[in-house]
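**Q** The following block contains a protein sequence and its predicted model.
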Number of protein chains: 2
Amino acid sequence: MNSFATSFIPTIRTLMGPGPSDVDPRILTALSRPTIGHLDPQFIQLMDEIKSLLQYAFQTKNQLTMPVSAPGSAGMEACFANLVEPGDKVIVCQNGVFGGRMKENVLRCGGIPIMVEDQWGKPTDLNKLEHTLNNHSDAKIVAFVHAETSTGVKNDAQAICHLAKKFNCLTLVDAVTSLGGCELSVDEWQIDAIYSGTQKCLSCVPGLSPVSFSQLAIDAITSRKTPVQSWFLDMELVMGYWGKGAKRAYHHTAPVNSLYALHEALIILQNEGLETAWQRHQQMHVKLREGLQALGLEFVVEEKYRLPQLNMVRIPEGIDDAQVRQTLLSEFNLEIGAGLGELAGKVWRIGLMGYGCNSKNVNYCISAIKSVLS
Amino acid sequence: MNSFATSFIPTIRTLMGPGPSDVDPRILTALSRPTIGHLDPQFIQLMDEIKSLLQYAFQTKNQLTMPVSAPGSAGMEACFANLVEPGDKVIVCQNGVFGGRMKENVLRCGGIPIMVEDQWGKPTDLNKLEHTLNNHSDAKIVAFVHAETSTGVKNDAQAICHLAKKFNCLTLVDAVTSLGGCELSVDEWQIDAIYSGTQKCLSCVPGLSPVSFSQLAIDAITSRKTPVQSWFLDMELVMGYWGKGAKRAYHHTAPVNSLYALHEALIILQNEGLETAWQRHQQMHVKLREGLQALGLEFVVEEKYRLPQLNMVRIPEGIDDAQVRQTLLSEFNLEIGAGLGELAGKVWRIGLMGYGCNSKNVNYCISAIKSVLS
């Protein structure tokens, strides 16, 4: 390095893409409190509170509920690597980017993915899934994405789980974008393994992945014939550190400050109340939708499958995708999301997540887009 | 959750255990700056600076030098999962906890660990290693821990690499506790894969793992016969995001704020200068050693193999280990480390790392231990 670098002072943005979302200043303050040891009794108590608060957020009594010390992609891998053994059949519902990533995870664990594919922007077809379950009665797991961040589709998690249970499958759910932003009920819906992210509707900094495993999932893990291929993500080892009781075995050094932040984010969610948070996302979505439709922008996803927290609209004919997003960023400090995969260049994805899901942001976004498009 | 949790305000500690170490307030400030998008042009520029600064810290020109978005244990797994294929022989030098963890990683990758074991508290015996290399001419990798955090031993990384290279092996090095605290020169020593942590001598918050791979290591990765078993840690995918040039493919959401903090930590190191930082650690170690020896405490590791940043002393006869550490924590807010594995209850580990490696802390630690032992 030839020259000396200087401290990084980011421009303050309004984050209305697919995540990270705007972080509540309360959470940034919590994040920057002095670091303490990862085995400090005060920290152990904090860990216990985080577990309880996550049980509330996930609506579960699962004991094995905790944040993985890495982003959502690692939470996904934690679920697959612990539950899938070589040769296991896993039915994967795909209707966007993240279902495809699930398939990749199954393959890397030596499992056999059986795909139930639907068009991007459409929900998973329950009839197709049932047909597949009938054809693969030896399947161990049904895996799907609750809130497809790449398209803004909400899959019917309750119905998919209900169907999977009829065929005695474990259910494995991606709730990265759904947790805190729309209804989700792990125990009632019979979800066996679930992972989320901190940087979406929890409005926390990115880098952690809350997960939860049912007793059925734990039984599957403890009766494995082969070791979990990841040491870092091996839930039996991780639980030695995150487990119940005062005695904690060192596994890895927890990301102490990020956990301060997650704790604060979960307190904010608890104080607002889950149902109130879900309603707020829905109300702001309606407001945003009306504004965007008034500008002539069309939603891609049919109304009843739309996620309030991730709004995908078609880019009008003749508009330069990259140019618009660049202008929004440089002139308005507003970040919205591009299309992914087959939707690249065709859509924008506008996030309304957690702290950033408020009237001020909705108004700002509509007026900025209006200004750039006119 | 029956009652409402409240914000967590940690007691301010002096962290002189095996890590996390005291975090520089400048770094905590950087950590709490407003989050921006992980594909924001400003963030891409920050990533490039982090890569250059890490090249300086590691003393390497390796292009593939970046932080893994998870703690040191994941950095370890990134090195093994990318380089070890099923059936590969890996010679692992073990003289403490972390060599054992390397063995576990080799096994989980389907590799065959060939152990070179030395007593905990002693350095790796080069003759034993040479003997093992002679007996296993088909070994692909020699893996070892540079700074054994569990014992305070510094293994002779340069000599081990030199020997490994004579036998055409790749070298894989754990530098979690060494980076920034004692001499380390990746290119000169011919290290092919190396991982570290942010929470030791960089005095940053825990949660990231800087890694670096040589061209030889990259060649081994790109010519693999089997896919890397971890999607999250697959270096070819990760490089699509961290790679050269302005075009970055989304892989996972980077831990944006933690990277602000790492950037600041690396600037602080660059401003001080690597050699000056190494000297400071040595000088403070001498001061601590004199003080502890004056209290009658004995070092376990022979002087020439001692790490300045991790000081392991024998607990005197008749002293209650847990009681002393608890009193230091509750009355002095001072954290020192317990023994791990076979050394549990027999030793204390006193860290002198990064920002916390200063005269004030050394004096405080000596006087606190004196007070508790008298």
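**A** Sure thing, it's come through.

**Q** Next SSE downstream of the helix or strand of chain A with the lowest mean pLDDT?
**A** Ranking every helix and strand in chain A by mean pLDDT, DSSP states H and E puts helix A:235-242 at the bottom, with a mean of 90. Toward the C-terminus, helix A:235-242 is succeeded by helix A:256-272 as the next helix or strand (DSSP states H and E).

**Q** now check that following helix, is it near chain B?
**A** Yes - using Cβ under 8 Å from any Cβ of the partner chain, a contact is recorded between helix A:256-272 and chain B, made by A:256-258, A:260, A:263-264, A:266-267, A:270-271. C-beta: built from backbone N, CA, C; applies to glycine.

**Q** Which single residue in the stretch 101-250 of chain A comes nearest to chain B?
**A** With Cβ to the nearest Cβ as the measure, the residue in the stretch 101-250 of chain A that lies nearest chain B is A:Gly207; the distance is 3.2 Å.

**Q** Leaving out sequence neighbours, find the closest residue to that residue.
**A** For A:Gly207, the nearest residue in space outside its immediate sequence neighbours is B:Pro255; the separation is 3.2 Å by Cβ to Cβ, 6 or more residues apart in numbering or on different chains.

**Q** what's the answer for A:Gly341, then?
**A** Of all residues not flanking A:Gly341 in the chain, A:Val97 sits nearest, at 5.4 Å (Cβ to Cβ, 6+ apart).

**Q** Could I get the contacting residues of that neighbour?
**A** A:148-150, A:340-341 (Cβ atoms under 8 Å, 6 or more residues apart in numbering or on different chains).

**Q** any idea whether the nearest residue to A:Gln215 once chain neighbours are set aside is helix, strand or coil?
**A** Distance criterion Cβ to Cβ, 6+ apart; nearest residue to A:Gln215, sequence neighbours excluded, is A:Asn62 at 7.6 Å. When the structure is split into helix, strand and coil by DSSP: H, G, I helix; E, B strand; the rest coil, A:Asn62 lands in coil.

**Q** surely A:Asn62 meets A:Leu54?
**A** No - at 9.3 Å, A:Asn62 does not count as touching A:Leu54 under the criterion of Cβ atoms under 8 Å.

**Q** So which residues on the stretch 251-374 of chain A come close to chain B?
**A** Within reach of chain B by Cβ under 8 Å from any Cβ, the stretch 251-374 of chain A has these residues: A:251-258, A:260, A:263-264, A:266-267, A:270-271, A:329, A:335, A:340.

**Q** Among those, name the buried ones.
**A** Taking 16 or more other Cβ atoms under 10 Å in any protein chain shown as the criterion, what is buried in these is A:251-258, A:260, A:263-264, A:266-267, A:270, A:329, A:335, A:340.

**Q** Chain B contacts on the stretch 51-200 of chain A?
**A** Counting by Cβ under 8 Å from any Cβ, the residues of the stretch 51-200 of chain A close to chain B are A:52-53, A:55-56, A:69-74, A:76-77, A:81, A:101, A:104-105, A:107-109, A:197, A:199.

**Q** how about a cut-off of 6 Å?
**A** If contacts are counted using Cβ under 6 Å from any Cβ of the partner chain, the residues of the stretch 51-200 of chain A sitting beside chain B are A:52, A:56, A:69-71, A:73-74, A:77, A:104-105, A:108, A:199.

**Q** Most neighbours of all those, which one?
**A** Each of those was scored by neighbours using other Cβ atoms under 10 Å in any protein chain shown; the highest score is A:Gln199's, at 33 neighbours.

**Q** right, and that residue touches A:Gly19 too?
**A** Yes - using Cβ atoms under 6 Å, A:Gln199 is in contact with A:Gly19, at 4.8 Å.

**Q** Pull out the buried residues from the lengthiest helix in chain A.
**A** Among all segments of chain A classified by DSSP state H, the helix with the greatest residue count is helix A:274-294. When neighbours are counted by 16+ other Cβ under 10 Å, the buried residues of helix A:274-294 are found to be A:274, A:277-278, A:280-282, A:284-285, A:287-289, A:291-292.

**Q** Tell me the pLDDT of A:Arg248.
**A** What the model reports as pLDDT for A:Arg248 is 82.

**Q** Correction: the previous question concerned A:Gly243.
**A** A:Gly243 carries a pLDDT score of 80 in this model.

**Q** quick one: contacts for the residue of the stretch 251-374 of chain A found nearest chain B?
**A** For the stretch 251-374 of chain A and chain B, the shortest gap (Cβ to the nearest Cβ) falls at A:Pro255, measuring 3.1 Å. The neighbours of A:Pro255, taking Cβ atoms under 6 Å, 6 or more residues apart in numbering or on different chains as the test, are A:69, B:206-207.

**Q** can you give me the helices for the stretch 101-250 of chain A?
**A** In the stretch 101-250 of chain A, the helices defined using DSSP state H, counting those that start in this stretch lie at A:126-135, A:157-166, A:186-189, A:215-222, A:235-242.

**Q** could you dump those to TSV with mean neighbour count?
**A** As requested, the helices of the stretch 101-250 of chain A are exported to TSV (neighbours: other Cβ atoms under 10 Å in any protein chain shown):
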stretch	mean neighbour count
helix A:126-135	14
helix A:157-166	19
helix A:186-189	19
helix A:215-222	16
helix A:235-242	19
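
**Q** Export these to JSON lines and append columns for distance to B:Val142.
**A** Formatted as JSON lines, the entries for the helices of the stretch 101-250 of chain A read as follows, by distance: least, Cβ to Cβ, whole Å:
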{"stretch": "helix A:126-135", "distance to B:Val142": "48"}
{"stretch": "helix A:157-166", "distance to B:Val142": "47"}
{"stretch": "helix A:186-189", "distance to B:Val142": "46"}
{"stretch": "helix A:215-222", "distance to B:Val142": "33"}
{"stretch": "helix A:235-242", "distance to B:Val142": "26"}
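
**Q** Quickly, which of those helices bottoms out on average pLDDT?
**A** Across the helices of the stretch 101-250 of chain A, the stretch with the lowest average pLDDT is helix A:235-242; it has a mean of 90.

**Q** Go ahead and name everything in contact with it.
**A** Applying Cβ under 6 Å, 6+ apart, the contact partners of helix A:235-242 are A:66, A:82, A:221, A:248-249, A:251.

**Q** so how far is it off the chain centroid?
**A** Using Cα atoms, centre = their mean, to the nearest Å, we find the averaged C-alpha position of helix A:235-242 to lie 22 Å away from the chain's own average C-alpha position.

**Q** what does stretch A:312-330 give?
**A** Distance of stretch A:312-330 from the chain centroid (Cα atoms, centre = their mean) equals 25 Å.

**Q** Show residues contacting stretch A:126-144.
**A** Counting by Cβ under 6 Å, 6+ apart, the neighbours of stretch A:126-144 from elsewhere in the structure are A:88-93, A:102, A:114, A:116, A:155, A:159-160, A:163-164, A:167, A:169-172.

**Q** Type out the PyMOL command that picks the buried ones from these.
**A** Here is the PyMOL command that selects the buried residues among those (16+ other Cβ under 10 Å):
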select buried, chain A and resi 88+89+90+91+92+93+102+114+116+155+160+163+164+167+169+170+171+172
